[in-house]
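> sharing a model prediction with you, sequence too.
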Amino acid sequence: MVLISNIHKQSNQYIVLIRNFFLILTLLLMTQCMRLQIFNYYYFNNLAQHNYLKTASIPATRGQITDRHGHILVDNQLNYSLKLTKKNRALANELFGIQSHQNYIPITHQQILKIKADEKLHDQFEIIFTKKRIYHYGKELFPVVGYGIYNGDVFNESTGIEKTYNKILEGQPGYLLNKVSAKGNQENTGKYISSIEGNTVKLTIDAQLQKTAYKALGNTKGSVIVLDPNNGEILALVSKPSLDSNNVLELYQSKHTLNHKDSPEFNRVTSGLISPGSTIKPFIALAALDHHIVTPNESIEDKGYLIVGNHKFHDWLKEGHGSVNLRKAIAVSCDTFFYVLAKKMGINLITDTLNEFGFGHQTHLDLPNESNGLVPTPTWKRENRASNWYTGDTIITTIGQGALLTTPIQLANATAILVNEGFFYDPHLLKTTVDHAGDEYQPIHVKKYIRPIAHEHYELVKRAMQDVITKPYGTGNYSFGPRPYSIAGKTGTTQVTSHHNIKPSGPLPKHLENHSLFIGFAPVKNPKVVIVTISENSQLNAATVSRKILDQYFRSLNADNEILY
Amino acid sequence: MQTMKYYTNPIDYYLLSCICLLTILGIFVLYSGTDQNLMTLFKQISKLSIAFAMMYAISHIHYRVIDQMGLIFFVMSILTLLAVYFFGSSGKGAQRWLDLGIIKFQPSEIVKLTLPLALASWLSFRTDTIMNHFISLMILALPCLLIIIQPDLGTGILIGVTGLLMILIAGFPFYLIITGITLFVCASPIVWHYVLHDYQKMRIITFLNPGLDSMGGGYHIIQSKIAIGSGGLFGKGWLNGTQSHLSFLPEHATDFVFGIIGEEFGFIGAFSIILLIFLITQRILNLAMETADRYQKLVLCGLATNFFVCSVINIGMVIGVFPVVGIPLPLISYGGTHATILILSFGVVFAMIRASRSR
């Protein structure tokens, strides 16, 4: 009995030992649970969410582009597209003749039917909704709005307003939270952050005027700018030849010629460097008046040429203009008068004034790829042409030839400064942005001043420019007949032949014909618009083109019962 | 009178309510674990119901009958283990199932009940001789080896641990324990270096630590730790577990069901389940200390140890403190054989309690 109870006792001791050991194991498990669930909760919870929550982006609707009156210029449209993969690319080419490196190709309803009808094809191709950017004034506004292409949901912008204001237009993508199982099955959780629609960009462009300007230039290469000098707003901006922003394939074929001078993608307004020709004369005249090189009444006797050293500089009118003062010199575009001024002034005074009027500098227009232009100086010539500056160089600069190069937008801006008698706003295309709530935001434009020049000097030059149109001897007189508005301007012709050293014999080949330029503003008192027209290698007179455009502009203003004089 | 008293003795309601509570909780967890598959759940519930009925019946069998029948059942279970070895059907790379046409079961699960019974009979009968101690070890080693070569390391270890603790409680000479440990320590490096081939060593290493080698094991553990950890204090709520319902947590109805408890009921749930398991074990061990009968004591200890070690290995595996071995969570994991056997073993426990209280 004792033995049994001993064994009993001994057994119970072991049982207690085991029980305590089990208690320790229990506590170990509980501790580990606590470690995982309480101390490392955030770590594991994060991992769990990473496991099953995946975000899918909800693309934002790209903002519209409208003209100054709110007419929609650029819009979005939903389309059917074919998703091209490595596998079906060859088949797509065979069936529909689609050759493209794009991943999504828009297809017609007939093509969809063809695919849907054939089960084999149906398995090969995926048809999806894609967005398309619709350009309502595709050809007319190409140099302004540029273009972009949707590749799936991604918009690839490449030029124009689409590029400059991409951040404003693109909006903010939203996110959709999806539950994903270990097998990859997705399920919508219903939770999402909605996308924010892109803002509408309201341009300063007047669609009607733009259309008129585009038509007025016809098939001629060239450019037109209509600018409001009172605020720097650009009402029309044409560069020809142009492309249709909608025609993506054509764009891609011409892609490699971007910035080539004859490419339709080349924006002549911002990048086209031209010799300003006689349109530079009002600015030279201002420089001369300002530096007291000439007085308003001082006149010279123009015999049709000026001899400097052993070189004879001809006037465009062989027999000369006779007795000319400054006002008449501008009106008849007398070269000899300006040769004399050039000789008296020297190059430095000229370049100073030209720089003040913005020549040789970007105008900060809100379009990409703007050129600087060139105002030549003796230093520039030494460095780039390895040659000294001669008086002859100064002389041809005063008639806007030689190395002097300007962009049409610079010319427009300089004219605006002249019109405003010393102040200007950076020329711009963005009027306001409108957000999805309908609130409009207007960017602030600073009124900028150049070095003051006396009012009477401006007055004299402006009168001379009015003479260009109104006086029978004015170079622009025949282009502008009777009209219900007053206008002042300056014509210009740049001789392409002189650049090429080819003597004219018979009719000139197209690419060697002269460029015709016109700068102007109207009405003369309180000008509303500044116009710059350049018609390249063409018989088409820039002044005539300008007149057509201005007629349309004032006709539409008249409809609004505004006073024109 | 004696007989009357014997049969009217109340069963241990504390233990019974703990078991029922754990079972009911298990059904709720399993509803989530089977991804709300009612058919599967009904199958399990019907199996559990039958098992509980059998438990009630067994609790009324006299312990002496169990003592005698135990040996017969043990021999039979050994035979079924051998049958598995020769005719068993494979499941997940191991021969564990025996298909008798009407029912399909895992003989290794049956051994969990028959071995403690048989061992208790032998240990309460044997005298304290070295030969008898050797026989005790043989009785243990035979089913253990048969299960391990299936291969089912988890169950093998479980039965081994249970048996060794029973032998210890029955009184194993101290010098033999020391000798055994010494022999094991001395022999293993010799065997390791001179007997085993490299591929065999590699096999043992991966066998002991599957996470080291197999990507599968590692993935299971990482996902189940994420499931439990992401549950936090209160859990994500019943049926709201993302890890389990989106199939990141593998085997979440069977071996990894504790992951659901941790994920959906949080630390509170995991703590409660572990506590319940501990309370059941402790209650049985306390009852074992009360009883004077050696056989009853050994049976109670054996079955309690079996239940507890099984639970600990499973939970430890799911929360990443033990290597992955295929062992279910008692009373909760989906599966017929193991649940039935466990509940039957509780029936035996109640029979022992009834016997000890009838004194």
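Cool, got the structure.
> residue A:218 contacts residue A:541, correct?
No - when contacts are counted by C-beta atoms under 8 Å, residue A:218 is not listed as touching residue A:541 (11.6 Å). (C-beta placed from N, C-alpha, C; glycine too.)
> compare the two (neighbour count), which wins?
The neighbour count for residue A:218 versus residue A:541, taken as other C-beta atoms under 10 Å in any protein chain shown, is higher for residue A:541 (19 against 12).
> once you drop chain neighbours, what's closest to residue A:64?
Taking C-beta to C-beta, 6 or more residues apart in numbering or on different chains, and ignoring the residues beside it in sequence, residue A:64 has residue A:200 as its nearest neighbour in space, at 4.7 Å.
> I'd assumed residue A:437 was in contact with the one you found.
No - Residue A:200 sits out of contact with residue A:437 when judged by C-beta under 8 Å, with a separation of 11.2 Å.
> and those two? which has more neighbours close in?
Neighbour totals were compared for residue A:200 and residue A:437, and residue A:200 leads with 21 against 6 (other C-beta under 10 Å).
> the more buried one bridge partners, please.
Here residue A:200 sits in beta bridges with residue A:434, going by DSSP bridges.
> just the element for residue A:187, please.
Using DSSP states H and E, the secondary-structure element containing residue A:187 is strand A:186-193.
> using CSV, write out every CA atom in that strand.
These are the backbone C-alpha positions of strand A:186-193, laid out as CSV (Å, rounded to 0.1, in the frame of the first residue of the first chain):
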residue,chain,number,x,y,z
GLN,A,186,-10.2,41.3,-59.1
GLU,A,187,-13.2,42.7,-57.4
ASN,A,188,-14.3,46.3,-57.0
THR,A,189,-14.4,47.5,-53.5
GLY,A,190,-16.5,50.5,-54.3
LYS,A,191,-13.9,52.7,-52.8
TYR,A,192,-12.3,55.3,-55.1
ILE,A,193,-10.8,58.7,-55.4
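> I'd like to know the average pLDDT value across it.
Strand A:186-193 shows an average pLDDT of 73 in the prediction.
> give the contact list for residue B:167.
B:119, B:123, B:133, B:136-137, B:140 (C-beta atoms under 8 Å, 6 or more residues apart in numbering or on different chains).
> does it count as helix, strand or coil?
Following DSSP: H, G, I helix; E, B strand; the rest coil, residue B:167 is assigned to helix.
> for the stretch 51-200 of chain B, what spans make up the helices?
Under the criterion DSSP state H, counting those that start in this stretch, the stretch 51-200 of chain B carries helices at the ranges B:63-87, B:107-125, B:130-148, B:153-171, B:174-190, B:198-208.
> what's around residue A:162, how many residues?
26.
> I meant to write residue A:441 there.
Residue neighbour count, defined by other C-beta under 10 Å, stands at 11 for residue A:441.
> grab the nearest non-local neighbour of it.
Distance criterion C-beta to C-beta, 6+ apart; nearest residue to residue A:441, sequence neighbours excluded, is residue A:433 at 5.0 Å.
> next SSE after the helix or strand harbouring residue A:50?
Using DSSP H and E, residue A:50 sits within helix A:41-52. Scanning forward in sequence from helix A:41-52, with DSSP H and E defining helices and strands, the next element found is strand A:53-58.
> direction included, what does the next helix or strand after that next one pair up with?
The element immediately downstream of strand A:53-58 (helix or strand, assigned by DSSP H and E) is strand A:65-66. According to DSSP bridges, strand A:65-66 forms sheet pairs with strand A:72-83 (antiparallel), strand A:200-203 (parallel).
> that'll do, ta.
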